[in-house]
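K.L.:
Sequence and predicted structure, then a few things I'm wondering about:
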Amino acid sequence: MNLRRKQQEAPELNLIPLIDIVFMLLIFFIVTTTFNRETEMRVDLPVASADPLVADQKPLEISINAAGYFFVNRVAVRDIDIEALKRTLRKEAAGLKDPSLIISADAKTPHQSVIMAMDAARQLGLVRLTFATLPQDDSR
C-alpha cells in the first residue's frame, strides 16, 4: 500500500482554445462588416482650352460616368435609355425658362451615351448645350 502523498501539480490555464475562439470571432466580424461606399460618382473630365461659362440661372447638368450611366443634377436615371433620360430631364427642367444644359461626360464614356444625351436634349427643345471640361494645364 502506498501511503505517500501525491504532489499536487499547479493548475494550468490552456489559452489555445481561447485564442482560437477569438480568432474565429475576428474573422466573422471582418467578413460580415459592411463598409461605407461613397455614393458620389467619379467623372474624369476631358481637357480643353476654353473660358468658363457664366450662367444667369442654375443650369441642368447631365453627368455620364465611364460605364455610360446617366445622372441628372446628381440624381441617377434608373434606365439607360433615351425615354428615361427625357422623363428625368423634363422633371428637372420644370419651371425653368430656357434652361442651359451642361453635359459632364467622363473621358472614357462610350460615345453612344453622349450622343443619346444630346438627342434627348434636342427632343425636349433644350438648345443651350455646353460640355464640361477641365482647364488645360499650360505647363505641358
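P.N.:
Now that the structure is in, tell me what you want to look at. Since the model is a prediction, treat every value here as computed from it, not as a measurement.
K.L.:
Please work out which residues outside stretch 88-104 touch it.
P.N.:
43, 45, 53, 55, 57, 59-64, 70, 72-73, 75, 77, 114, 117-118, 120-121, 124, 126, 128-132 (C-beta atoms under 8 Å, 6 or more residues apart in numbering). Heads up, the C-betas are built off the backbone N, CA and C, glycines and all.
K.L.:
Pull up the distance across that stretch, start to finish.
P.N.:
End-to-end span of stretch 88-104 (C-alpha to C-alpha, to the nearest Å): 16 Å.
K.L.:
For that stretch, buried residues please.
P.N.:
Using 16 or more other C-beta atoms under 10 Å as the test for burial, stretch 88-104 gives 88-89, 92-93, 99-104.
K.L.:
Kindly report the same for stretch 65-77.
P.N.:
65-66, 68-72, 77.
K.L.:
Give the full set of residues in contact with K6.
P.N.:
Per C-beta under 8 Å, 6+ apart, neighbours of K6: none.
K.L.:
secondary structure class for it?
P.N.:
Per DSSP: H, G, I helix; E, B strand; the rest coil, the secondary structure class of K6 is coil.
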